[in-house]
Each structure stands twice: as structure tokens, then as C-alpha cells.
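Enquirer: predicted model and sequence follow; I will ask about them next.
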Amino acid sequence: MGAARRKRRAPVHDRKRLTNIIGGSAGNLVEWFDWYVYAAFALYFAPAFFPQGDQTAQLLQTAAVFAVGFVVRPIGAWAMGIYADHKGRKAGLTLSVSLMCAASLLIAVAPTYAQAGILSPGILLVARLLQGISLGGEYGSSATYLSEIADRGRRGFWSSFQYVTIIGGQLTALALLVVLQLLLGEQAMSDWGWRVGFAVGAVLAVVVFFIRRRLDETLSFAKVAGKVDRPKSTARSLFKEHPRQAFLVMALTAGGTAAFYAYTIYLQKFLVNTSGFDRATASRIMTVALGLMLLIQPLAGRLSDRVGRKPLMIFFGVSAMLFTYPIFTTLETVRSAPAAFALVMTCLIIVTGYSSINAIIKAEMFPAHIRALGVALPFAIANAIFGGSAEYVALYLKDIGHERWFYIYISGLAAMSLIAYIRMRETKTNSLIEED
């Protein structure tokens, strides 16, 4: 009878686990939607905040503000990583989405340069700083939450939904852009239509705030929170007691995050600014390609549950090192949308080896009392240096007449990270996540 009762309860537990994963993932999607609206709509709002100069110069200034958001992400990762380790993963997730809501609303109502002068880009900068702090905390909290809430045999699969929602956020931002382009036209988009994306993001963040308040806390945190003498989560203790893991996270992130932003964020502008496609066509190519990329993330995550995490990371490192340069040089002269789509899709398949499993790899390296900080802070530092700057580096090199140096730069970072992938331990069989 007891066994029968346990058998009846198991599906309820599985359904509750699934509900928590869906809830956590939905919130992550909205956070990244708000973050990516900036990049997706930049072609339209850049002249409103930076009216002087040609299109490349305007995009360069907008990319600089985009990169600043990454610079403060380590601050958010540090502050909210500690907060999530002390107050809980759920509390960290709720705080991060509140900050993102405020930032998106601020951009939606910001005055243009013609209306407020230098104050206009200043407001944009402040809003982007808030978004950076929010997302710095979001990554560690969501990666830790999804990794801890998943069952042991499917952690790669379930944790891959973090990048499903990261890509989903980008895809939703691009899809909204395409819809608004069709409904409003180019002139209205440039005049005021770009504000709609940020307003939608603010409203969705309010909805997510209430969803996240209903999530269950993870067993890993509940177990460590009950200890009176539990170790403290601080940046000092992270780098003093877990230096190898912290620096390994930075090393494996460098090439992955640079390639991810080069292949997903910058490629949309590359198709317009270098290949010569119109903005609507470039947006549609990226929307369809990212939709397919989203679908293959869980497949790659599930594959890592079977063969391990290292083979997928090595696949990414080798492929990005060898094929980034030839793909981008080919895209320079491509005039066919299907051919451009095929090349973009190749890039996205390559980076899936990193994106689908990097969250679980990081979470499996750290004990529960410092896991959120350990996942968030080293990642945010590497992301600020190599991810947030990727688009700016690309546009700067194009501006000075050496665009192909950027392709070499991405290939070189992938090669450096490949060394870390080869030397790292297989985290699937050496995981520090104890609970299911």
C-alpha cells in the first residue's frame, strides 16, 4: 500500500517540477526579451539618440551603450549572486525582473536628442546600466535554479531551457520587430514605433514578477539554508576557496559568449551594413534561424546527458575556430536570402555546442552555498570583456577599414577556450549538485 501511494505521488512531483521549470524559464525569456529589444530595434532608435554621423557611426555609439550594460553586469552578478545564495534562488529571480521592468519603461518614455539634447543619451545610458545589473543577477539565479530543480538524469536537457529562453527572448524581440515593420512601416518605426518594444517588455516583466513569486524554492538551497553554520557566499571566498572553478568559468565563457553575440546579435546588423540586405529581410532571416536554433537547444542538452558535456563544448571550440572566418567572408558577398540563411544557420548550429550546456557545466562545479555567485560572477566578468564588446569591436574594425580582423578575433577566442574545454573535468560525472 505504501509503495502504491508513493507511485501515485511521483507524477505529481514530476508535474510540479515541470511547472517550476516552465515558470522559471518564462521569466528568463522576458528578461532576455527586454535585453534584446535594445539590439533588435537599434537600427531604428539610434538616430533618435545619436543624430550625428552616418549609419555606422550611429550604430557604433548605440553599440557602445549596449556594451556598457555588460560592464556593470559583474556588479549585478556579485550583488544578486550573494543575495540568491543567502535569500534563495526565487528571491534573486524576483529582484532581477523588477529592475528590468524599471529599465525598459525608462527607455520607452525617454526623450529624443531633438527634445532633450545630451540628456537623451544620458537617460538611455542609465536605463542600460539598470538592465545590465538586472541581467548580471538573472543569469546566475536562473542557471542555478534550473540546474537544481531538474532531476539528475536530465539536467543537461532541462538546464538547456535557459538558452532556449535566452534565444526565445531574442526571437520574440525580432518577431515583434517584424510585426511592427509590417504594421507600421519604416517611417513610423523610426519616429515612434521602436518605443513599443520597450513598453511591451515592461508590461511582460510585471506579469513575470507575479509568476516568480509562486515558484517553489530548490531543495539544494532549502537544505543549505537550514544550516546554522553554513559558509558565507562572498566574492573573496569564491576566488580564495574555489579559484580553479572560477577561472575555468571565465576561460570557457570567453570564446563561447563572443561567438554567441557575433553569431546572433551582430549578424543582423552585418547582413544590413556589410552584405547589403534591407533591414526587413535581415530581420526575417535572423528570426527564422533563431527559431530553429531554439528548437535544437534541448536536443543538444539531452545529448549531453548521454555522452557528457565535454564533447559538445569541444565541437563548438573546434568548429568556431575553423569556420568563423570563411563563413563571414562568404557572407560579405552573398546576395541571396536563402544562401545567407544557410550560412547564418551554420553559425548557430556551431554555437549550440556551447549555449545549450554552459549553464549546467558552471552549476555543477560549485557547492550549493556559493553556487549562484560562482555561476554568475566569473561568467559576468568574461561576458563583460568578450561578449558585450563583440559588436562594438566589429563595428569599430569596420569603421577603420579592417572588418576581417573581427573574424580572426572570434576565431582566436574560440581557440583559447578550446584549450579549457579539452583540459576541464567532465562535470556530468563530477557534479557537485547533490539533490534531485
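Expert: Thanks, I have it. It should be emphasised that the depicted structure is a prediction, and the values quoted were computed from it without experimental measurement. Numbering: from 1, shown residues only.

Enquirer: hey, let's count contacts and neighbours off CA atoms from now on
Expert: Noted.

Enquirer: so which residues of the stretch 201-350 of the chain form strands?
Expert: Counting by DSSP state E, counting those that start in this stretch, the stretch 201-350 of the chain has no strands to list.

Enquirer: ok, residue 150 - contacts?
Expert: 17, 21, 158-159, 436 (C-alpha atoms under 8 Å, 6 or more residues apart in numbering).

Enquirer: residue 429: which of the residues you listed is nearest?
Expert: residue 436 (14.7 Å; C-alpha to C-alpha).

Enquirer: let me know the pLDDT of the closest one.
Expert: For residue 436, the pLDDT comes out at 52.

Enquirer: please renumber the chain so that the first residue is 395 from this point on.
Expert: Happy to do that; since the first residue is 395 now, the last one works out to residue 830.

Enquirer: out of the contacts of residue 544, which is most surrounded?
Expert: Counting neighbours by other C-alpha atoms under 10 Å, residue 553 comes out on top of the contacts of residue 544 with 32 neighbours.

Enquirer: ok, so what distance separates that one from residue 542?
Expert: Residue 553 is 9 Å from residue 542, where distance means C-alpha to C-alpha, to the nearest Å.

Enquirer: and what of residue 623?
Expert: 22 Å.

Enquirer: also residue 617?
Expert: Residue 617 is 12 Å from residue 542, by C-alpha to C-alpha.

Enquirer: which of the two has more neighbours?
Expert: Between residue 617 and residue 542, residue 542 has the larger neighbour count (other C-alpha under 10 Å), namely 28 against 12.

Enquirer: read off the pLDDT value for that one.
Expert: pLDDT at residue 542 comes out at 86.

Enquirer: look up how far residue 415 lies from it.
Expert: 10 Å.

Enquirer: again, but for residue 605
Expert: 12 Å.

Enquirer: how about residue 588?
Expert: Residue 588 is 32 Å from residue 415, by C-alpha to C-alpha.

Enquirer: and if you look at residue 670?
Expert: 41 Å.

Enquirer: return the closest of the contacts of residue 544 with respect to residue 752.
Expert: When the contacts of residue 544 are ranked by distance to residue 752 (C-alpha to C-alpha), residue 553 comes first, at 8.9 Å.

Enquirer: thought residue 536 was touching the closest one, still the case?
Expert: No. Look at residue 553 against residue 536 with C-alpha atoms under 8 Å: they stay out of range, at 9.1 Å.

Enquirer: can you count the residues close to residue 699?
Expert: 17.

Enquirer: the nearest residue to it once chain neighbours are set aside sits in which helix or strand?
Expert: Computed as C-alpha to C-alpha, 6 or more residues apart in numbering, the closest residue to residue 699 that is not its neighbour in sequence is residue 550, at 5.4 Å. Under DSSP states H and E, the secondary-structure element containing residue 550 is helix 549-553.

Enquirer: and the helix or strand that that helix is followed by, what does it pack onto?
Expert: Using DSSP H and E, the helix or strand that follows helix 549-553 in sequence is helix 555-582. When contacts are defined as 3 or more C-alpha pairs under 8 Å, 6 or more residues apart in numbering; DSSP states H and E, helix 555-582 packs onto helix 396-434, helix 513-543, helix 588-606, helix 673-701.

Enquirer: okay, buried residues for helix 555-582 please.
Expert: 555-572, 574-575 (16 or more other C-alpha atoms under 10 Å).

Enquirer: stretch 504-523 now?
Expert: For stretch 504-523, by 16+ other C-alpha under 10 Å, it's 504-507, 514-523.

Enquirer: what do you get for stretch 783-801?
Expert: 783-790, 792, 797, 800-801.

Enquirer: nearest to residue 773, of those?
Expert: Using C-alpha to C-alpha, the buried residues of stretch 783-801 come closest to residue 773 at residue 783, 14.3 Å.

Enquirer: low-confidence ranges, the stretch 445-594 of the chain, go.
Expert: 446-449, 451 (pLDDT under 70).

Enquirer: quick one on the thing from earlier: from the helices and strands packed on helix 555-582, which stretch is densest packed?
Expert: helix 513-543 (a mean of 26; mean count of other C-alpha atoms under 10 Å).

Enquirer: tell me what angle that helix forms with helix 555-582.
Expert: 150 degrees (axes from the mean of the first three to the mean of the last three C-alpha atoms, to 10 degrees).
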